[in-house]
Structure formats: structure tokens, C-alpha cells
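>>> missing the sequence, but the structure's below:
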Ligand SMILES: Nc1ncnc2c1ncn2[C@@H]1O[C@H](COP(=O)(O)OP(=O)(O)OP(=O)(O)O)[C@@H](O)[C@H]1O
Ligand SMILES: Cc1ncc(C[n+]2csc(CCO)c2C)c(N)n1
């Protein structure tokens, strides 16, 4: 998700909030239905899945456009993979067997073109992982293009996605991190232990914006440290959505803009969790005393 943060003042929410990002724009949220008490002393984090729209994107309305990095996992490429690639100008990484997926899958998006040319065009900055899944000829192909192939198999306690996200974090200067958003292609569907490991990365790196993607939906963490404003890109996402208290129950969650809004509601596994909800406004707000996963469906192309 495209994310911008706006500093909330200790004043009532009816005062304007100012984006902390470069080229900041005053955002008047006076019509907001988030109660003032809830946002006192809290930053507002804004989210928008503009990376799902084909490039070029219109200039960001508030704050600078995020800088995207892309991690490709060992799962079938989503149909919008070429668009993700174009948005992720900062860094592109293949996690181990993710290299096979691009090598095999990218040429299929361009059936009229020479597969070799397509593979050369979609060349990553790095391939990283324990390298037990990348095929030898794929490894050789990218090595011959000058791509660094990093074997980190000495670490059998962290996943390949973890290794890739850690690499991106190390690569990104501290000052640029608030503006960084890591898109993870192929993170959902398939083996549940892998999916759970991928969700865990959202929590391990909760100071970094990370979006897990499949063909069908996206998932991101809404940290309890912020109020959240989600700007729905209705041409490409929705209407189905969910808010899921993975990790810890929530005593109090309040939302606006959903078909089944929560008002100071508790959520827990074994109790209420919000699945099969629907977005019914372009702007959704979420405030919770617990970290929540936000998920929204991705539309099939018409
Ligand atoms: N079926 C899947 N569902 C979700 N994510 C997956 C799946 N398969 C792989 N991944 C992701 O892609 C990354 C690289 O996959 P790869 O198959 O190379 O990993 P791996 O470490 O060899 O896995 P394992 O040895 O457990 O099969 C994984 O770390 C994981 O994040
Ligand atoms: C408690 C525990 N469970 C599983 C693993 C295995 N494991 C976790 S991540 C990883 C690397 C996969 O590329 C492997 C093998 C472990 N180390 N510790």
C-alpha cells in the first residue's frame, strides 16, 4: 500500500492534520467520523494500493509517492506482476525459487516477444535465500547477467522472505524508511506454513510497510500505534475485505466506511473476527488497541 503518515496533534481531531512527508499538504479531516479522543496524540497512517494501478500513476495528492521494493516468492506470479515490477523502481529481489517463477512466468505475459529478451528485461538486483529451490540453469542465467546470487543457507532459522526483507532494510537509509513500501508477490495461497511465515514478517518488521500479495487479495498490518485511513482504489480492489486480530485479541476496534462497521468492538479468534466484510466508502478508517491484519480482494480484470 502507498502509505503516508500525518502527525496528529494533541488537539481535537477537528483540527487539520498535517502530512509529515516532504511537500506536505494540509489535510482537513474535520468531517471525519473518528472521535476526537481516539486520535489524540496519535499519528494517522494513510494507505492506498496505487501500485495495483498500471503505471504511470498520477502525482500523489498528499506527501511524496512511496518508493516501492519488490520481493518475488516461489509461487505463481500474479497477473499484475509486470505492473508491480514497473512500480518497484527501488529494488527487485527474487527469494530463492522466486527466480524460477520469473524465469518461467514472465515470458508468458509477453507471448509475442522473445523469451530471452523478456528475461533479460526482468533482471533482479539480487537473488537471495538458502538456494535449495532455484534451478541450476536459472541460477546460471542470472549470474551470467551479473546478478548477485547470495547463498544464506547457513541460516536455517529464518525464511527466504525474512532474508530478503532484512536485505532491503539494510540497503535502505534510515531517513528513507518511512517512505519505503515492500511489495511481496506470491505470498498467499499454497502451503499454510509458508503463508503463516509470510504473515509473521509483517509483525517482525512492523516498522516497515509491507504488502503481501496474491492474484486474489492483499494483506497488510495496521499497527495499533496509529489511526489508519485506507483510500480504496475501487477500480482495482474491493469490495470484499476483512480485519483480523492475528497475534492478540482486540478489546476495542472502531471502523468507518465498512458494510459491517465495528464500534468499540472486541475481536478475537474463538470470538468475533471480521471476515466477508465489504467496503462501502472510498475512505475507510480503523482504530484499534491491537495490531490488525487488513485484507481486501483484488479485482479480476474485466
Ligand atoms: N506455497 C507457498 N505459499 C506461500 N509462500 C510460499 C510458498 N512457497 C514458497 N513461498 C515463499 O517463497 C519463499 C521462497 O520459497 P522456496 O520454495 O524457495 O523456500 P524454501 O525455503 O526452499 O521452502 P521449503 O524448504 O520450506 O519448501 C519462501 O520463503 C516463502 O516465503
Ligand atoms: C522451531 C523451528 N521450526 C522450524 C525451523 C526450520 N526452518 C525455519 S525457517 C527455515 C529456512 C527455510 O528456508 C527452516 C529450515 C527452525 N529452524 N526452527
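Here it is on my side, so go on. Given the structure is predicted, the values throughout are model-derived calculations rather than measurements. Ligands and ions are numbered 1, 2, ... in the order given.
>>> flag every residue of the protein that's near ligand 1.
73-75, 95-98, 129-130, 132-133, 159-161, 187, 190-191, 194-195, 197-198 (CB under 6 Å from any ligand atom). C-beta: built from backbone N, CA, C; applies to glycine.
>>> so which residue is dead centre in this protein?
residue 211 (1.4 Å; CA atoms, centre = their mean).
>>> returning to that earlier point: near ligand 2, list only the ones from the residues of the chain next to ligand 1.
Counting by CB under 6 Å from any ligand atom, the members of the residues of the chain next to ligand 1 near ligand 2 are 130, 159-160.
>>> list only buried entries from those residues.
130, 159-160 (16 or more other CB atoms under 10 Å).
>>> help me confirm that residue 142 comes into contact with residue 127.
Yes - counting by CB atoms under 8 Å, residue 127 is a contact partner of residue 142 at 5.9 Å.
>>> need the residues touching each of these two.
Common contacts of residue 142 and residue 127 (CB atoms under 8 Å, 6 or more residues apart in numbering): 94, 99, 149.
>>> can you report phi and psi for residue 230?
phi -110, psi 120 (degrees, to the nearest 10).
>>> so how far is ligand 1 from it?
Look at residue 230 and ligand 1: by CB to the nearest ligand atom, to the nearest Å, they are 24 Å apart.
>>> surely that residue touches residue 48?
Yes - between residue 230 and residue 48 a contact is recorded at 7.5 Å, counting by CB under 8 Å.
>>> more neighbours: which of these two?
Each of residue 230 and residue 48 has its neighbours counted (other CB atoms under 10 Å); residue 230 has more, 27 against 23.
>>> ok, the more buried one - contacts?
Residues near residue 230 by CB under 8 Å, 6+ apart: 1, 46-48, 257, 283-286, 294.
>>> from the residues you listed, which land in strands?
Mapping these onto strands (DSSP state E) picks out 46-48, 283-286, 294.
>>> what subset of those residues is buried?
Neighbour counting with 16+ other CB under 10 Å marks 46-48, 283-286, 294 as buried within the ones in strands among the contacts of residue 230.
>>> pick the one among those residues closest to residue 58.
Among those, residue 48 lies closest to residue 58 (CB to CB), at 11.2 Å.
>>> show me what the closest one is bridged to.
residue 2, residue 231 (DSSP bridges).
>>> distance of it from ligand 1?
25 Å.
>>> the closest residue to ligand 1 within the chain: what's it in contact with?
Nearest to ligand 1, among the residues of the chain, is residue 190, at 2.3 Å (CB to the nearest ligand atom). Residues in contact with residue 190 (CB under 8 Å, 6+ apart) are residue 75.
>>> same thing with residue 129?
So residue 129 contacts 95-98, 150-153, 160, 163-164 (CB under 8 Å, 6+ apart).
>>> among the residues you listed, name the buried ones.
For these, a neighbour count by 16+ other CB under 10 Å gives the buried set as 95-98, 152, 160, 163-164.
>>> quick one: which of the residues you listed sit in helices?
Counted as lying in helices by DSSP state H, out of those, are 98, 160, 163-164.
>>> state the pair within the residues you listed that is farthest apart.
Greatest spatial distance among these (CB to CB): 98 and 163, at 11.6 Å.
>>> so where does the residue nearest to the centre of the chain fall, helix or strand?
Element membership of residue 211, judged by DSSP states H and E, is strand 209-213.
>>> what score does the closest residue to residue 271 other than its chain neighbours have for pLDDT?
Among residues not flanking residue 271 along the chain, residue 249 sits closest, at 7.3 Å (CB to CB, 6 or more residues apart in numbering). We have a pLDDT of 98 for residue 249.
>>> give me the number of residues near residue 249?
The burial count for residue 249: 15, using other CB under 10 Å.
>>> that older thread, closest one to residue 265 out of the ones next to ligand 2 among the residues of the chain next to ligand 1, please.
Here the nearest of these to residue 265, counting by CB to CB, is residue 159; it sits at 33.1 Å.
>>> OK, contacts around the closest one?
194, 197-198, 201.
>>> recalculate using a threshold of 6 Å.
Neighbouring residues of residue 159 by CB atoms under 6 Å, 6 or more residues apart in numbering: residue 197.
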